[in-house]
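A.B. asks: Sequence plus predicted model, see below.
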Amino acid sequence: MTRHESRELAFALLFEKSFSGAPVRELLLNAGEARDVESDAFALSLAEGAEGHLEEMDALIAAFSHKWSKNRINRVALSIMRLAVYEMERCQDIPNSVAINEAVELAKTYGGDDDPAFVNGVLGGIARRNQEEETAPSEEVQTAPAGEKER
């Protein structure tokens with residue numbers, strides 16, 4: 001299974017969870033029995049990771065989806081963004097650009113006409129915030145002792 005296919009499965013598990021509320025591991029087991037869905041460790045780790053941080057992911061999504069409450073965002077876009085925000089915030093080995101690109105591709109495949117742009121805008125805002133936090137000067141300012149020149 002490719003990484004894209006794993007993300008697709010993780011998205012499907014999060015999407016199904018938005019209806020049933022069941023744990024994603026249970027949903028994957030049921031899908032494996034009912035529809036011969038292949039289990040995938042990467043997909044399960046992403047889905048369970050996002051599942052474990054839903055409140056945190058939803059708060060970030062709400063903060064950057066200007067004028068849209070979580071309840072107004074369709075479940076497809078919300079599930080895609082939950083997955084991508086989890087990758088951006090918690091998976092240090094996955095560049096933000098990859099998480100965003102994968103999310104936009106999922107939105108093109110599974111979402112409505114406006115979903116890819118909406119997903120891209122929200123995730124882009126979160127990525128810019130992350131970048132600003134990383135490049136912000138530290139609060140401790142190093143100064144040279146009196147009488148010495150700075151180098």
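C.D. replies: Now that the structure is in, tell me what you want to look at.

A.B. asks: only C-alpha atoms for contact and neighbour calcs from this point on.
C.D. replies: Fine.

A.B. asks: roughly how far apart are Glu56 and Tyr86?
C.D. replies: 9 Å (CA to CA, to the nearest Å).

A.B. asks: These two - which one has more neighbours?
C.D. replies: Tyr86 (22 against 15; other CA atoms under 10 Å).

A.B. asks: Now Val76: closest residue in space, sequence neighbours ignored.
C.D. replies: Gly111 (6.0 Å; CA to CA, 6 or more residues apart in numbering).

A.B. asks: Thought Ala77 was touching that neighbour, still the case?
C.D. replies: Yes - using CA atoms under 8 Å, Gly111 is in contact with Ala77, at 6.6 Å.

A.B. asks: Now the longest helix belonging to the chain: buried residues?
C.D. replies: Longest helix in the chain by number of residues (criterion: DSSP state H): helix 115-135. For helix 115-135, the neighbour count (16 or more other CA atoms under 10 Å) marks 115-116, 118-127 as buried.

A.B. asks: Isn't Glu51 up against Phe15?
C.D. replies: No - assessed by CA under 8 Å, Glu51 is found out of contact with Phe15, at 10.9 Å.

A.B. asks: higher neighbour count, the two?
C.D. replies: Phe15 (22 against 19).

A.B. asks: in whichever strand or helix holds that one, what counts as buried?
C.D. replies: Per DSSP states H and E, Phe15 falls inside helix 3-20. Within helix 3-20, the residues that count as buried by 16+ other CA under 10 Å are 6-17.

A.B. asks: which ones are touching the closest residue in space to Ser65 that isn't next to it in sequence?
C.D. replies: Excluding the flanking residues, the one nearest Ser65 by CA to CA, 6+ apart is Val122, at 5.5 Å. Shown in contact with Val122 (CA atoms under 8 Å, 6 or more residues apart in numbering): 61, 64-65.

A.B. asks: Packing partners of the helix or strand of the chain with the lowest mean pLDDT?
C.D. replies: Least confident element among the helices and strands of the chain, by mean pLDDT, DSSP states H and E: helix 24-35 (a mean of 87). The helices and strands touching helix 24-35, judged by 3 or more CA pairs under 8 Å, 6 or more residues apart in numbering; DSSP states H and E, are helix 3-20, helix 41-52.
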